[in-house]
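S.K.: 3D model of this:
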Amino acid sequence: MELKEYLKVIEKFVKDYLENTHCKQYVLGLSGGVDSSLVAALTKSAVGKERLTCIMIPIDSHPSDLEDALELAKDLDLNYLVIDGSEAFHAIRDQYVNQGIELDRGTLSNIKVRLRMTILYAYAQKVGGLVIGTDNADERYTGYFTKYGDGGVDLLPIVYLVKSEVVEACKIYGVKDRLAERTPSAGLFEGQTDEGEMGVKYSVLDAYLKGEEIDEKSKERIEYLHRISEHKRVPIPTPIEFKRD
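M.R.: Numbers count the residues shown, from 1 in each chain. Have a look, this model is predicted:
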């Protein structure tokens, strides 16, 4: 199946899912990155402008992140809100500091992502909506998402697209090359990039997921990431059911 054809399959899935759940709209965290840009474009195409609200949630983010998200929202004529989560993040961090506990950078980054999830679900509950996710195939396979953060969503429409396909799809929907080809980053701290944190390039990860040959070191890294993140992809563990007499 060609990518353009599959995008129509995703659009139908997105439209049908909203109608079958009898919810009113989708709520999307718009970061200015390629994944959320694609989900914004295809969701608007699937259900229309009035059934999608994009929320930009800067938390000590680089100003360019918000600028890129605003540019995309205006280019695609999206409904959007800006909710700054910085003050809430600082309050949580400072509560730990005041008790002599210094949280490491990874923990602080995950607090930011989980705050974004909380903000999205607050608005979704207000409007009777569903939170639509942006994780792609690369992120899902390696576990490069925060449990109950960006992984805490109601559906994942682009989860079977590798990163290069996400970039290509963005261009199909008319997203500017500058935004579609932006260096992938969650904007969680200065200089942060997805590839830097994963320790493997998206191009190599794409090739692995498509069944192509890659170097042994990268293969070991990818399989390690997949193995240690398995808990993120499975249902919450429970014991055997209690059979009452």
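
S.K.: which residues of this structure fall in strands?
M.R.: For the chain, the strands defined by DSSP state E occupy 25-29, 52-56, 79-82, 129-131.

S.K.: Any stretches of the chain with poor pLDDT?
M.R.: Counting by pLDDT under 70, the ranges of the chain that qualify are 185-189.

S.K.: neighbours around the closest residue to residue 176 other than its chain neighbours, how many?
M.R.: Computed as CB to CB, 6 or more residues apart in numbering, the closest residue to residue 176 that is not its neighbour in sequence is residue 75, at 6.7 Å. All C-beta atoms are positioned from the backbone trio N, CA, C, and that covers glycine. Residues lying near residue 75 (other CB atoms under 10 Å) number 14.

S.K.: Equivalent analysis for the one 4 residues further on, please.
M.R.: The number of residues packed near residue 79 is 14, by other CB under 10 Å.

S.K.: and the nearest residue to it once chain neighbours are set aside, what is it in contact with?
M.R.: In space, and not counting its chain neighbours, residue 79 is closest to residue 53: 5.1 Å by CB to CB, 6+ apart. Residue 53 makes contacts with 25-28, 79-81, 123, 127, 129, as judged by CB atoms under 8 Å, 6 or more residues apart in numbering.

S.K.: for this structure, what's the longest helix?
M.R.: helix 105-127 (DSSP state H).

S.K.: related to what we said a few turns ago, ok, the residue nearest to residue 79 to residue 141 distance?
M.R.: Distance of residue 53 to residue 141, computed by CB to CB, to the nearest Å: 29 Å.

S.K.: next one: residue 17
M.R.: Distance from residue 17 to residue 141, by CB to CB: 23 Å.

S.K.: Name the residue closest to the centre of this structure, please.
M.R.: residue 134 (3.5 Å; CA atoms, centre = their mean).

S.K.: What count of nearby residues applies to the residue nearest to it when sequence neighbours are not counted?
M.R.: Of all residues not flanking residue 134 in the chain, residue 35 sits nearest, at 4.1 Å (CB to CB, 6+ apart). Look at residue 35: counted by other CB under 10 Å, it has 23 neighbours.
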